[in-house]
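Trainee: Based on what follows, work out the 3D shape:
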Amino acid sequence: MKSIFRNLINKCKTWKNNSINSNFENQLFLYKRKRHYIGDLANIPQAFILENRNNSKSFAEMTNDEKAWGFVKCSVNSKTFKLACFGNDDGVALRFLNNGAYEPYSLSIWAEIAKRATLVVDVGAHTGVYSITARLFNSTASIISVEPNYMNVARMALNLRVNGFDTSGIVMAAASQTSGTREFSVPLTFDYQYSGGRILVAEAEHIQKSHGRYIVQATTVDDLVSKFKDPECLIIKIDAEEHEREVILGAKVSIEHHKPIILLECLGSFGGVVIDMIKHQDYRLFVVGEKNRTLIETSSEDPLLDGNGNFIRDKINRILIPSSKLSMLESLTSA
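Mentor: Okay, the predicted model is just below:
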């Protein structure tokens, strides 16, 4: 593959020097920079852009709806970007396509916080929406996109390139309490490929029957952050499919030294680590209300359930913020 690529580049240089086509080299679908391929895909023909359908369909209805093929036009805080959607295969893109938004208040707050960040760590980056949003609102911050599912990594790389961003910040690994390897599980499906996977634990052996399993590399937030010299403003997003507790434990040094603002999903037990941050690290915890754009302070680290014991889906995200940075949150909620 390297020799093929090298031959193409050499041919392009020859054609360029001979003035046959001075722009041909720039028309290559990919070019190489610092071992990362960056695509020149920003000018997608309008025929491939999917506009919002403006409906209120449920997620189940979206996935079974007429197949959408192209790049969905998305918006966060009036800034637009594109996400690939090939046959209804990405739930984030599908929600933007049908409902016009995905986690609208969380992404809105994330965008504002990202403006002030010098280092962004996106744990469970999936197909890239939080990483893309951070880059849209901050062109200079270092952004690390951590994702263990190789299918999601491939789609995230495409989405970054489609929006004119490089892929150098992608880390194909699972964030956890310690580095090493972990057994990872993802749904076995071909029509809906870009699902969230999870780290397997002993009590989750039932997952084996319906999910594929493979070994992934694991890292910690502390390991990742340590590569940057004293980030002035660190923000972290954690969506790790009930592995959030271990991710936080693997960020202990970063939390103590840098006091990051943390946006995290709450679908399981944190085993007291969030309460410990509130009591001993001077953090405050807020429930994000997506529909009504609310932030409600809470002292409970448990997920919110309805009368039937189901998750209240528009209130699954939380913001952990140091008291010293609370004024930033107040300015966001009044914006």
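
Trainee: Could you use CA atoms for every contact and neighbour count after this?
Mentor: OK.

Trainee: count of neighbours near the closest residue to residue 314 other than its chain neighbours?
Mentor: If the residues on either side of it in the chain are set aside, residue 314 comes closest to residue 290, at 5.1 Å by C-alpha to C-alpha, 6 or more residues apart in numbering. Using other C-alpha atoms under 10 Å, the number of residues around residue 290 comes to 20.

Trainee: go on, the one 10 residues further on?
Mentor: Here the neighbour count serves as a burial measure; for residue 300 (other C-alpha under 10 Å) it reads 13.

Trainee: Likewise for residue 277?
Mentor: Per other C-alpha under 10 Å, the neighbour tally for residue 277 reads 20.

Trainee: Please apply the same query to residue 125.
Mentor: Neighbour count for residue 125, taken as other C-alpha under 10 Å: 28.

Trainee: Quick check: it is in a helix.
Mentor: No. Per DSSP: H, G, I helix; E, B strand; the rest coil, residue 125 lies outside any helix segment and is coil.

Trainee: quick one: it and residue 147 touch, right?
Mentor: Yes. The pair residue 125 and residue 147 passes the contact test of C-alpha atoms under 8 Å, sitting 5.4 Å apart.

Trainee: Helix, strand, or coil at the residue lying closest to residue 143 once chain neighbours are set aside?
Mentor: Distances taken as C-alpha to C-alpha, 6+ apart place residue 120 nearest to residue 143, at 4.6 Å, with adjacent residues excluded. Following three-state DSSP, the label given to residue 120 is strand.

Trainee: what bridges to residue 120?
Mentor: Per DSSP bridges, the residues bridged to residue 120 are residue 143, residue 235.

Trainee: roughly how far apart are it and residue 257?
Mentor: Applying C-alpha to C-alpha, to the nearest Å, the value for residue 120 to residue 257 is 15 Å.

Trainee: And for residue 75?
Mentor: For residue 75 relative to residue 257 (C-alpha to C-alpha), the value is 34 Å.

Trainee: How about residue 138?
Mentor: According to C-alpha to C-alpha, residue 138 and residue 257 sit 23 Å apart.

Trainee: What is the helix or strand encompassing residue 278 packed up against?
Mentor: Here residue 278, judged by DSSP states H and E, is contained in helix 273-280. Applying 3 or more C-alpha pairs under 8 Å, 6 or more residues apart in numbering; DSSP states H and E, we find helix 273-280 packed against helix 244-249, strand 283-289.
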